[in-house]
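Asks: Could you work out the structure for the sequence below:
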Amino acid sequence: MPAKNILQVQPIAAYDDNYIWLASDGDCAVVVDPGDAQPVIAHLKEQQLVLQAILITHHHADHVGGIADLLNWATANQPVVPVVYGPALEDIPQVTEPLMQGDTLHIAPFMSEFWVLGVPGHTAGHIAYFLNNGSTQHLFCGDTLFASGCGRLFEGTATQMFESLIKLKNLPETTLVHCAHEYTLSNIKFALAVEPGNQDLLDWQSRATALRKAGKPTLPTTIAHERRVNPFLRCEYSSVIRSVSTHASLTNQEPVSVFAALRAWKDGFK
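Replies: Residues are numbered from 1 along each chain as shown. Okay, the predicted model is just below:
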């Protein structure tokens, strides 16, 4: 059981490779992107936590699929019904508090404010949540930024996603990155195709492989780490530009153009 009054953030595995993030202070809890309610309910029961809020980053089913069952369970078993926060620019029926870039929310007595960041690209209205708890900073970024990768462009443009990633890249270096999927090893494989001489990336491959063999998540990483190993945050580096230029014809070498070509390369990478 989490210690009282100390913020704990833990991943809950769901489906094949999803992570639902649970943040708690030992009494109250917040969950991020509950695609499946049952593993969340099991954790809440085991740790005797009251679910105060549900945070949603975007509308995809593997991120919202468990909201209704969680609300039903909470209504029957808790003294409070969770508030459901989510992107104002996406149609998610269960969202009771729509949010946009610049909004803030304060949920449980111990937790500091969550800052809302607009990060379109993967979807048109995707948002992320930044929590500065004084000693630690946490980013809940859904499918925008992954460990050593980024989300596909399903609804937004390359320019939107590039600008969203720059916004996240500029967060404090110590910020812990809590993304929603365990895609790390496949992302590293692509990253090494882009920067085969990146020693930080080679070291990370060894560590990440060992973590997965031990059945442990590779997350969270940090913003500082992602700046060193994530090619999508390194589009101004000559090593990335050179590799992308070799793979595809670039009309120019501006970072956003490099990003667009890099994302297209990753889409077809095996």
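
Asks: where does residue 161 land in three-state SS?
Replies: helix (DSSP: H, G, I helix; E, B strand; the rest coil).

Asks: Surely it and residue 121 touch.
Replies: Yes - between residue 161 and residue 121 there is a contact under CB atoms under 8 Å: 2.8 Å. All C-beta spots, glycine's among them, are computed from the backbone N, C-alpha and C.

Asks: Can you work out which residues contact both of the two?
Replies: 144, 150, 151, 153 (CB atoms under 8 Å, 6 or more residues apart in numbering).

Asks: Taking those together, which two end up most distant?
Replies: The largest distance within the shared contacts of residue 161 and residue 121, taken as CB to CB, falls between 144 and 153 and amounts to 10.8 Å.

Asks: which of the two has more neighbours?
Replies: Higher neighbour count among residue 144 and residue 153: residue 144, with 27 against 18, using other CB atoms under 10 Å.

Asks: Low-confidence bits of the stretch 1-150 of the chain, can you list those?
Replies: Regions of the stretch 1-150 of the chain meeting the criterion pLDDT under 70 cover residues 1-5, 110.

Asks: now the helices for it?
Replies: For the stretch 1-150 of the chain, the helices defined by DSSP state H, counting those that start in this stretch occupy 37-47, 61-64, 67-77.

Asks: the inter-axis angle of the first one versus helix 67-77?
Replies: Put simply, helix 37-47 runs at 30 degrees to helix 67-77, going by axes from the mean of the first three to the mean of the last three CA atoms, to 10 degrees.

Asks: Enumerate the positions of helix 37-47 that are buried.
Replies: 37, 39, 40, 41, 43, 44, 47 (16 or more other CB atoms under 10 Å).

Asks: What of the shortest one?
Replies: If you call a residue buried by 16+ other CB under 10 Å, then helix 61-64 has these buried ones: 62, 63, 64.

Asks: right, and the first one touches residue 34 too?
Replies: No - under the criterion of CB under 8 Å, residue 62 makes no contact with residue 34, lying 9.9 Å away.

Asks: Residues that sit against both of the two, list them.
Replies: Residues touching both residue 62 and residue 34 (CB under 8 Å, 6+ apart): residue 14.

Asks: give the contact list for the residue nearest in space to the middle of the chain.
Replies: By CA atoms, centre = their mean, the mean C-alpha position of the chain lies nearest to residue 179, the distance being 2.4 Å. By CB under 8 Å, 6+ apart, the contact list for residue 179 reads 19, 141, 142, 143, 144, 145, 146, 147, 219, 220.

Asks: if you set the cut-off to 7 Å instead, what comes out?
Replies: 141, 145, 146, 147, 219 (CB atoms under 7 Å, 6 or more residues apart in numbering).

Asks: now residue 96
Replies: 83, 84.

Asks: how far away is it from residue 41?
Replies: 20 Å (CB to CB, to the nearest Å).

Asks: Checking my notes, residue 244 in a helix, right?
Replies: Yes - applying three-state DSSP, one finds residue 244 inside a helix.

Asks: Pretty sure it sits against residue 261.
Replies: Yes - using CB atoms under 7 Å, residue 244 is in contact with residue 261, at 5.0 Å.

Asks: show me where the protein has strands.
Replies: Ranges of strands in the chain, per DSSP state E, are 8-14, 18-24, 28-32, 50-55, 83-87, 97-99, 104-105, 114-118, 127-132, 137-142, 145-146, 149-150, 176-179, 221-222.

Asks: Return the list of helices and strands in contact with the first one.
Replies: Strand 8-14 makes packing contacts with strand 18-24, helix 37-47 when contacts are defined by 3 or more CB pairs under 7 Å, 6 or more residues apart in numbering; DSSP states H and E.

Asks: Just put those in JSON lines and tack on distance to residue 231.
Replies: What follows is the helices and strands packed on strand 8-14, written out as JSON lines (distance: least, CB to CB, whole Å):
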{"stretch": "strand 18-24", "distance to residue 231": "22"}
{"stretch": "helix 37-47", "distance to residue 231": "32"}
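
Asks: Many thanks, we can stop here.
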